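Chemist: coordinates for the following, if possible.
(2 chains)
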Number of protein chains: 2
Amino acid sequence: MRIGVDAMGGDFAPGVVVEGVAQALVDFPDLDIVLVGHRDRVAFYLEKYGIADNPHLELVHAPTVCEMSEPSAISLRAKRDSSITALAKMLKAKEIDAMATPGHTGATVAATTVLARTLPGIDRPALGASMPAKADRFLLMDAGANPDCGVHNMVQFALMGEVYARYLYHKERPRVGLLSVGGEDIKGCELTKETFKRLEQLPINFVGNVEANTAFEGVCDVLVSDGFAGNVMLKCAEGLARATGYWLKEALNKSAARLVGAVLAKNAFTELKAHGSSDVIGGAPLLGINGICIIGHGGSNPVAVRNAIRVSAECVEFELNQRIVEAIEEAGDLAKPEKVEK
Amino acid sequence: MRIGVDAMGGDFAPGVVVEGVAQALVDFPDLDIVLVGHRDRVAFYLEKYGIADNPHLELVHAPTVCEMSEPSAISLRAKRDSSITALAKMLKAKEIDAMATPGHTGATVAATTVLARTLPGIDRPALGASMPAKADRFLLMDAGANPDCGVHNMVQFALMGEVYARYLYHKERPRVGLLSVGGEDIKGCELTKETFKRLEQLPINFVGNVEANTAFEGVCDVLVSDGFAGNVMLKCAEGLARATGYWLKEALNKSAARLVGAVLAKNAFTELKAHGSSDVIGGAPLLGINGICIIGHGGSNPVAVRNAIRVSAECVEFELNQRIVEAIEEAGDLAKPEKVEK
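Modeler: Here you go, the predicted model:
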């Protein structure tokens, strides 16, 4: 199995990426890793982490880099020889089984969609973000790849997420919820109301509308959303978690007793921070691409890179894409765009 | 000034409502309060809190109650004599200057929209939720009254929120942001892209797109959103805050040292919980109704009820609605629905 890794992705590239790759080579001896990046910038770290001559590692030179601050459209057009573009091309040519990048989500979505294309029956790929629930986690689909969605996109997200949760979360019959608002009376917006009607008819364990607050209680394994609301939810959780950490620190600094308390309870705070940490999760799958693609957080550390490689390999091993194609086929017209009446 | 209060609203009605009213009568001696609810169920508490014969208190009997679990459409049709309906009618007849209910958001939106109607130039009212930022707060508009919005609705939300922040948050020139997703390249969905073009042209301090995570950093005073994404953000924050409390408690309970630390730092946790607490805020304004309407949290305590009454009175005092009408008039075509080309 060959996994392509973007050496230039993320805020701390290429150092942390190479360090993560070195860990992966030790932990997963069966994997072949194709590291794509600028050879001069990567060379130092290959030596540093002792993998310059590793027989399971291949280095592919890519002269340019998609900077995290760059618009993805520009990255794709103007940087045909970037590491992300090179990986997407290798994915298309089946030279690699999967790619992992701790990098530019927009550029990766654009490059893989245009170059590797989507799976049969999938119109748009979706980003699946692992969100923490009280005692477990749930996959938020789409977490931001598609700000504007149709009903058929939502259905495809549900089916892809269901397959992912079955294999990667090891749930026999994942509970699929539809992100919505209000209680009994307001059953959501037009998009979710129409989506609800189709999800009900699918051979999945559809648990109905789920509000954003109850999702954290652990009532579903997959939470289906358009990419706008999904991204709002993802970013809201990120922002509130950071603000909470700030408020906590501020409150603990107010007196000596509180500071002593904070020192005694330090490990508890560390554990608190670990909930939903992207390091353990490794990255978000971009589902629906004709090839496995895992996108890590820009701030990924070596452990996160190593885990993104692990998740990529698991997706290949479970034949995730083949199973997605089967689920879409089985859904028939329910996963297709509505025919326009003439 | 006469403020109508829904005695039957919220999870702990009518006890906590009457207690809150009693506090308000002491703290705001200039106010007249019209308490609406079932006279038999309220009487005991009027005696208990010593306000049965208060000259500033009037009791209006309403035989039925909109239960929190009831669909709002049913509440409006089948319960014409509920406390919420009675209040909306009094608002329309100008028998009260404002109403406050710690209750059923859906039923209140429906009753006030149908009975009291919207302000001139306002198509749909919007719920403004006060959200905590690191060092301040921001008003999220719409937090859930309108799951489906047009561009003109969004513009109206922006103008109403701007006026509210000017007077109630005492900001001379409130920063108005547009809730969106993605960075430079993905500038949001179709709705936000079109809304952006109009907000740019308004005589307000429009600060552009704001992602949900940066909103908590305090980059804007008003965050404009459709009611679907806005409600997702509100509920996500609620749910994550509750889950965080759960995780923290769980982590602190793991060892004796941590527990001692938790006791020492107890006040810090109490302060942490107070961030964004609805008790202090009092409630969310339902802006755009022809009459002031403040909707409190269903779990409101007496302090929250007292503060909802305070906010209602402030809105009347600042002539909020008159100022909203002026802002809408000044915006002209920018706040109107797009004309359909023939």
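
Chemist: for the residue minimising distance to the centre of chain A, list each beta-bridge partner.
Modeler: In chain A, the residue lying closest to the centroid (CA atoms, centre = their mean) is residue A:284, at 1.1 Å. Here residue A:284 sits in beta bridges with residue A:295, going by DSSP bridges.

Chemist: isn't it up against residue A:143?
Modeler: Yes. Using CB atoms under 8 Å, residue A:284 makes contact with residue A:143 at a distance of 6.4 Å. The C-beta positions use only the backbone N, C-alpha and C, and glycine is treated the same way.

Chemist: between the two, which contacts overlap?
Modeler: Both residue A:284 and residue A:143 are in contact with A:127-129, where contact means CB atoms under 8 Å, 6 or more residues apart in numbering or on different chains.

Chemist: out of those, which is nearest to chain B?
Modeler: Of all the shared contacts of residue A:284 and residue A:143, residue A:127 has the smallest distance to chain B: 11.2 Å, by CB to the nearest CB.

Chemist: just confirm yes or no for the helix or strand where the closest one lies near chain B.
Modeler: Residue A:127 belongs to strand A:126-132 when elements are defined using DSSP states H and E. Yes. Judged by CB under 8 Å from any CB of the partner chain, strand A:126-132 comes into contact with chain B through residue A:132.

Chemist: just the helices in the stretch 1-150 of chain A please.
Modeler: In the stretch 1-150 of chain A, the helices defined using DSSP state H, counting those that start in this stretch lie at A:15-27, A:39-48, A:72-78, A:83-92, A:105-111.

Chemist: the second one: how far from the chain's middle?
Modeler: Relative to the mean C-alpha coordinate of its chain, helix A:39-48 is positioned 27 Å out (CA atoms, centre = their mean, to the nearest Å).

Chemist: buried stuff in that helix?
Modeler: Within helix A:39-48, the residues scored as buried using 16 or more other CB atoms under 10 Å in any protein chain shown are A:42, A:45-46.

Chemist: same for it, what does it pack against?
Modeler: helix A:15-27, strand A:57-61 (3 or more CB pairs under 8 Å, 6 or more residues apart in numbering or on different chains; DSSP states H and E).

Chemist: endpoints of stretch A:322-339, how far apart?
Modeler: The first and final residues of stretch A:322-339 sit 26 Å from each other (CA to CA, to the nearest Å).

Chemist: kindly report the same for stretch A:219-236.
Modeler: 19 Å.

Chemist: so how far is that stretch off the chain centroid?
Modeler: 12 Å.

Chemist: equivalent analysis for stretch A:122-133, please.
Modeler: The chain centroid and the centroid of stretch A:122-133 are separated by 6 Å under CA atoms, centre = their mean.

Chemist: now stretch A:160-177
Modeler: 15 Å.

Chemist: immediately after the lengthiest helix in chain A, which helix or strand?
Modeler: The single longest helix within chain A, with elements called by DSSP state H, is helix A:227-252. Using DSSP H and E, the helix or strand that follows helix A:227-252 towards the C-terminus is helix A:256-264.

Chemist: what helices and strands are in contact with the very next helix or strand once past that next one?
Modeler: Later in the chain than helix A:256-264, the nearest helix or strand by DSSP H and E is helix A:266-274. Contacts defined by 3+ CB pairs under 8 Å, 6+ apart place helix A:266-274 against helix B:227-252, helix B:256-264.

Chemist: change it to 10 Å
Modeler: On a contact count with 3 or more CB pairs under 10 Å, 6 or more residues apart in numbering or on different chains; DSSP states H and E, helix A:266-274 meets helix A:227-252, helix B:227-252, helix B:256-264.

Chemist: other residues contacting that helix?
Modeler: A:132, A:241, A:244-245, A:248-249, A:252, A:262, A:265, A:280, B:244, B:247-255, B:257-259, B:261-262 (CB atoms under 10 Å, 6 or more residues apart in numbering or on different chains).

Chemist: in a strand, residue A:178, correct?
Modeler: Yes. Looking at residue A:178 with DSSP: H, G, I helix; E, B strand; the rest coil, it is inside a strand.

Chemist: show me what contacts it?
Modeler: Residues counted as contacts of residue A:178 (CB under 10 Å, 6+ apart) are A:154, A:158, A:187-188, A:191-193, A:195-196, A:199-200, A:206-210, A:220, A:222-225.

Chemist: relative to residue A:215, how far out is it?
Modeler: For residue A:178, the distance to residue A:215 (CB to CB, to the nearest Å) stands at 11 Å.

Chemist: then residue A:153?
Modeler: Following CB to CB, the distance that separates residue A:153 from residue A:215 is 20 Å.

Chemist: do the same with residue A:126
Modeler: For residue A:126 relative to residue A:215 (CB to CB), the value is 17 Å.

Chemist: so those two - more neighbours on which side?
Modeler: A direct count of neighbours by other CB atoms under 10 Å in any protein chain shown for residue A:126 and residue A:215 places residue A:126 higher, at 33 against 26.

Chemist: check what pLDDT the residue lying closest to that one once chain neighbours are set aside gets.
Modeler: Counting by CB to CB, 6 or more residues apart in numbering or on different chains, the nearest residue to residue A:126 once its immediate chain neighbours are dropped is residue A:142, at 3.6 Å. Residue A:142 carries a pLDDT score of 95 in this model.

Chemist: over to residue A:259?
Modeler: With respect to pLDDT, residue A:259 scores 86.

Chemist: run a quick neighbour tally on it.
Modeler: So residue A:259, with other CB under 10 Å, has 16 neighbours.

Chemist: for it, what are its contacts?
Modeler: Residues near residue A:259 by CB under 10 Å, 6+ apart: A:252-253, B:261, B:264-265, B:268.

Chemist: residue B:171: which of those residues is nearest?
Modeler: Set against residue B:171, the nearest of the contacts of residue A:259 by CB to CB is residue A:253 (27.9 Å).

Chemist: surely that closest one is in contact with residue A:261?
Modeler: No. Counting by CB atoms under 10 Å, residue A:253 stays clear of residue A:261, with 11.5 Å between them.

Chemist: between those two, which is the more surrounded one?
Modeler: residue A:261 (25 against 12).

Chemist: what sits against the more buried one?
Modeler: A:252, A:255, B:252, B:258-269.

Chemist: buried ones among the residues you listed?
Modeler: Buried among these (16+ other CB under 10 Å): A:252, B:252, B:258-259, B:261-262, B:264-265, B:268-269.

Chemist: turn those into TSV, columns for distance to residue A:95.
Modeler: Listed next are those as TSV, based on distance: CB to CB, whole Å:
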residue	distance to residue A:95
A:252	52
B:252	51
B:258	51
B:259	56
B:261	54
B:262	54
B:264	59
B:265	55
B:268	55
B:269	54
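
Chemist: tell me which two in those residues are the farthest apart.
Modeler: The largest separation in the buried ones among the contacts of residue A:261, counting by CB to CB, is between A:252 and B:259 at 16.0 Å.

Chemist: any idea of the pLDDT on residue A:174?
Modeler: For residue A:174, the pLDDT comes out at 98.

Chemist: how far away is it from residue B:58?
Modeler: Taking CB to CB, one finds residue A:174 at 56 Å from residue B:58.

Chemist: between the two, point out the one with more neighbours.
Modeler: Ranked by neighbour count (other CB under 10 Å), residue A:174 and residue B:58 place residue A:174 first, with 23 against 14.

Chemist: for that one, what are its contacts?
Modeler: Neighbouring residues of residue A:174 by CB under 10 Å, 6+ apart: A:138-139, A:161-167, A:204-205, A:207, A:220-222.

Chemist: next: residue A:216.
Modeler: Contacts for residue A:216 (CB under 10 Å, 6+ apart) come out as A:131-134, A:138, A:237, A:276, B:235-236, B:238-244, B:246.

Chemist: one more: residue A:213?
Modeler: B:231-232, B:234-243.

Chemist: equivalent analysis for residue A:338, please.
Modeler: A:150-152, A:194, A:198.
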